[in-house]
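Asker: Here is my input; please provide its structure:
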Amino acid sequence: MNRNSIHLLLFLATALTLVACQETLEERCAREARTYTEKKCPVLVTEGVMLDSLIFQQSTHTLSYCYTASDFYDNADFYANNDIRGILLKAVKNEPEMKLYKDAGYNFRYVYYSQKNSGTKLFDTTFRSKDYQ
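Answerer: Predicted coordinates for the structure are as follows:
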């Protein structure tokens, strides 16, 4: 084997190792959601709204933000009488940390549960790329 062949083999071995170590976007999103949930949740977003978890569903490319509402926000009428979907859509459109996932056409779901009536869903909406592009 000549010197050029050895260099080529070393380069190919290194390149293959680097490619094998890279995670897919789906794997990255799942890892980031899991890590955020484990390290930071639950976290108080505002008085009366607690972010409980981020969940990534790989089959649908959906990142779900799961909240518990209390006090003033623990009322289905609040969500029915205010443009919560519009407020959340504006946040999705303007959030630079979501850019990678928006560029890939991921979905973003927001679910608010009642604290006083455990398991009761107060609000549930999903944004698809056609909504935020």
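Asker: Can I get the helix or strand where Glu27 lies in CSV? Just the C-alpha atoms.
Answerer: Per DSSP states H and E: Glu27 is located in helix 25-40. Extracted C-alpha coordinates of helix 25-40, given in CSV (Å, rounded to 0.1, in the frame of the first residue of the first chain):
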residue,chain,number,x,y,z
LEU,A,25,-33.1,15.6,13.5
GLU,A,26,-35.8,13.4,15.0
GLU,A,27,-33.3,11.9,17.5
ARG,A,28,-32.1,15.4,18.3
CYS,A,29,-35.6,16.7,18.9
ALA,A,30,-36.5,13.7,21.1
ARG,A,31,-33.3,14.1,23.1
GLU,A,32,-33.8,17.8,23.6
ALA,A,33,-37.4,17.4,24.7
ARG,A,34,-36.5,14.6,27.1
THR,A,35,-33.5,16.6,28.5
TYR,A,36,-35.5,19.8,28.9
THR,A,37,-38.3,17.9,30.7
GLU,A,38,-35.9,16.0,33.0
LYS,A,39,-33.8,19.1,33.9
LYS,A,40,-36.3,22.0,33.9
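Asker: buried stuff in that helix?
Answerer: Cys29, Ala30, Glu32, Ala33, Thr37 (16 or more other C-beta atoms under 10 Å). The way it works is simple: take the backbone N, C-alpha and C, and place the C-beta from them, glycine included.
Asker: From the rest of the structure, what touches stretch 62-72?
Answerer: Applying C-beta atoms under 8 Å, 6 or more residues apart in numbering, the contact partners of stretch 62-72 are 29, 33, 42, 45, 47-57, 75, 78, 101, 106-116, 122, 126.
Asker: So which of these are in strands?
Answerer: 45, 49-57, 107-114, 122, 126 (DSSP state E).
Asker: List buried residues within those.
Answerer: By 16+ other C-beta under 10 Å, those give 49-51, 53-56, 107-114, 122 as buried.
Asker: His61 and Asn107 touch, don't they?
Answerer: Yes - His61 lies in contact with Asn107 (C-beta atoms under 8 Å); the separation is 5.9 Å.
Asker: For Phe11, give me the pLDDT.
Answerer: We have a pLDDT of 50 for Phe11.
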